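*Asks:* Take this sequence and fold it.
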Amino acid sequence: MQVKVLGAAQEVGRSAFQVNCDGTNFLLDYGVSLGKEPAYPMHVRPKDINAVVVTHAHLDHSGNVPSLFVNGGTDVYATAPTLDLSRLLIEDMLRLGKNALPFEFPEVSNMIMHSKEIEFKQKITRGNASFELHESGHIVGGGSVIVESGGKRLFYTGDINPRGSRMLREADLDFGEIDLMITESTYSQADQMPREKAEEKFIEFAYEVLDRKGSLFVPSFSVERSQEIACVLKNAKFKHKVIMDGMAVKVNEIMLRYPEYLRDSKVFADSINHAQWIRGEQERKHALKEPCVVISPAGMLVGGSAVYYLQQLALDKKNGIALVSYQGEGTPGRKLLETGKVSIRGNDVKAESEVRQFEFSGHVDRTGLFDMMKRIKGNPKVLTVHGDSDSCIKFAEEIHEKFGFDAIAPKLGDEITV
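*Replies:* Numbering: from 1, shown residues only. Got it, this is the predicted structure:
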């Protein structure tokens, strides 16, 4: 079994791994990095791939799959919610059209036509190899992958959160001995604030802002984070009006169709239905007439209805902005965090509203990663990916020291055999 690292090597973004099982080839994820210029994984020929397995819908894992359908095609496997959400996010990326992408809408339709829905733990055999998805606890429908061939077994975490969340069950790590592991390393060098504490501080801030007759703006990722924040507010029996806007509303509709993928579908439905869903400009303008909590993408303030709310709320010190999503380099969210400035109609101005950041990551943190490693059976070779170079390199060294596993932080294009 040989793995070629096509992306996410000592970086977050464009995840892609080609697994060659003695002639049967699986492509695990094929994502895109959306910085100032989009970055793509290394090229593969669709005719060389027997199946693509998409772990989850986030664009850094799914966003480049349609490029495989420009001059060819292959079978794409994922859970039903992953396929629905991937299509939503990829088509939105095309519509925003800030960058020329290597595919258009017809290729997305072609991808969907060649897609096959699978459930967790459903074993798919192609040639002399098989794969199956296990729940990852990261976003709805998201999975980790087990590949088996010739007596060898590979475990690819994708993005994972063994603890799960208010919405999602814990990751399923019950899969026996493995020979090769590809693990995310995003927070391998940092522990996050315990979730209960982060929720408590967030709710306190929300009440502070609303008690002074201001509105709290919560820019958050449309998939998972927006819904998780709605669940946190409902769980705390938050007394004020909550609105949800933008693509988060479309995601709500998709998630409600898949109750079996949620920790508690009734609690989830109650939480997001407790919020008022905004559909269109008139409702948007009307919603801000009284103080409320606004949950709306984009999480890093790059476009979306977030721009409208930022312009309406950032210049009044009664209001608050709670940053609950990761703020990438060079994004308006990072700029707000570091300089206190927002761009309004092309001008950089100082935000008067109070800005605070809260940790609500869907990724496992340092302690969780080491707890996960303790549960791994066998003596696998370990590849640390999906983190900055420091996180990947140090994590590989620490895995070797603590567990004795042969661990490396691979570079782009590296090929590893077991």
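*Asks:* only C-alpha atoms for contact and neighbour calcs from this point on.
*Replies:* OK.
*Asks:* what's the burial count for the residue nearest to K213 when sequence neighbours are not counted?
*Replies:* In space, and not counting its chain neighbours, K213 is closest to P291: 5.9 Å by CA to CA, 6 or more residues apart in numbering. Neighbour count for P291, taken as other CA atoms under 10 Å: 20.
*Asks:* and if you look at L313?
*Replies:* Counted with other CA under 10 Å, residues neighbouring L313 total 21.
*Asks:* ok so, going back, which SS state does the residue nearest to K213 fall under?
*Replies:* On the three-state scheme (DSSP: H, G, I helix; E, B strand; the rest coil), P291 is labelled coil.
*Asks:* can you tell me how far it sits from I278?
*Replies:* According to CA to CA, to the nearest Å, P291 stands 15 Å off from I278.
*Asks:* With R225 instead?
*Replies:* For R225, the distance to I278 equals 17 Å [CA to CA].
*Asks:* With I243 instead?
*Replies:* For I243, the distance to I278 equals 7 Å [CA to CA].
*Asks:* and what of G299?
*Replies:* For G299, the distance to I278 (CA to CA) stands at 17 Å.
*Asks:* R14 now?
*Replies:* On the measure of CA to CA, R14 and I278 end up 32 Å apart.
*Asks:* By mean pLDDT, flag the weakest helix or strand of this structure.
*Replies:* strand 33-34 (a mean of 84; mean pLDDT, DSSP states H and E).
*Asks:* Surely T183 forms part of a strand?
*Replies:* Yes: T183: assigned to a strand according to three-state DSSP.
*Asks:* Pretty sure it sits against L383.
*Replies:* Yes: the pair T183 and L383 qualifies as a contact (CA atoms under 8 Å) at a distance of 6.2 Å.
*Asks:* picking that back up, report all helices and strands that the least confident helix or strand of the chain contacts.
*Replies:* Counting contacts by 3 or more CA pairs under 8 Å, 6 or more residues apart in numbering; DSSP states H and E, strand 33-34 is packed against helix 59-62.
*Asks:* Quick check: pLDDT value at the residue nearest the centre of the chain.
*Replies:* In the chain, the residue lying closest to the centroid (CA atoms, centre = their mean) is H58, at 4.6 Å. Here, the pLDDT recorded for H58 equals 94.
*Asks:* distance of it from I295?
*Replies:* According to CA to CA, H58 stands 19 Å off from I295.
*Asks:* Where does pLDDT dip in the stretch 51-200 of the chain?
*Replies:* When residues are selected by pLDDT under 70, those of the stretch 51-200 of the chain lie in 98-99.
*Asks:* related to what we said a few turns ago, so which of G299 and I278 has more stuff around it?
*Replies:* Set G299 next to I278 and count neighbours by other CA under 10 Å: G299 wins out with 27 against 20.
*Asks:* wouldn't the more buried one be in contact with F221 here?
*Replies:* Yes: counting by CA under 8 Å, F221 is a contact partner of G299 at 4.4 Å.
*Asks:* what do the two both touch?
*Replies:* Counting by CA atoms under 8 Å, 6 or more residues apart in numbering, the contacts common to G299 and F221 are S325.
*Asks:* For stretch 56-63, measure first residue to last.
*Replies:* End-to-end distance for stretch 56-63, by CA to CA: 10 Å.
*Asks:* ditto for stretch 167-179
*Replies:* Stretch 167-179: ends 32 Å apart by CA to CA.
*Asks:* who touches that stretch?
*Replies:* 134-140, 152-155, 160-164, 228, 231, 261-264, 268, 375-381, 418.
*Asks:* same check, this time on stretch 234-249
*Replies:* With contacts defined as CA under 8 Å, 6+ apart, stretch 234-249 is touched by 203, 210, 221-223, 226-227, 230, 271, 274-279, 287, 291-297, 304-305.
*Asks:* so who does G35 touch?
*Replies:* Contacts of G35 (CA under 8 Å, 6+ apart): G330.
*Asks:* Kindly state the pLDDT recorded for it?
*Replies:* G35 carries a pLDDT score of 71 in this model.
*Asks:* ok, it to G143 distance?
*Replies:* Distance from G35 to G143, by CA to CA: 25 Å.
*Asks:* before we move on, what about Y207?
*Replies:* Separation of Y207 from G143 (CA to CA): 36 Å.
*Asks:* next one: R263
*Replies:* Taken as CA to CA, the span from R263 to G143 is 15 Å.
*Asks:* So if I had to pick from those two, which one is more boxed in?
*Replies:* More crowded of R263 and G143, by other CA under 10 Å: G143, with 31 against 18.
*Asks:* For whichever helix or strand L154 is part of, give me every contacting residue.
*Replies:* In the assignment (DSSP states H and E), L154 maps to strand 152-156. By CA under 8 Å, 6+ apart, the list of residues contacting strand 152-156 from outside reads 1, 144-148, 177-183, 418.
*Asks:* okay if I get those residues as a markdown table plus secondary structure?
*Replies:* Listed next are those as a markdown table, based on three-state DSSP:
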| residue | secondary structure |
| --- | --- |
| M1 | coil |
| S144 | strand |
| V145 | strand |
| I146 | strand |
| V147 | strand |
| E148 | strand |
| E177 | strand |
| I178 | coil |
| D179 | coil |
| L180 | strand |
| M181 | strand |
| I182 | strand |
| T183 | strand |
| V418 | coil |
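*Asks:* Turn the buried ones among those into a named ChimeraX selection, would you?
*Replies:* To isolate the buried members of the contacts of strand 152-156 in ChimeraX, using 16 or more other CA atoms under 10 Å:
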select :1,144,145,146,147,148,178,179,180,181,182,183
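*Asks:* what's the farthest-apart pair in the contacts of strand 152-156?
*Replies:* Largest separation among the contacts of strand 152-156 by CA to CA: S144 and V418, giving 19.5 Å.
*Asks:* Domain-wise, how is the protein divided?
*Replies:* Domain segmentation of the chain under automatic domain parsing yields 2-190+362-417, 195-357.
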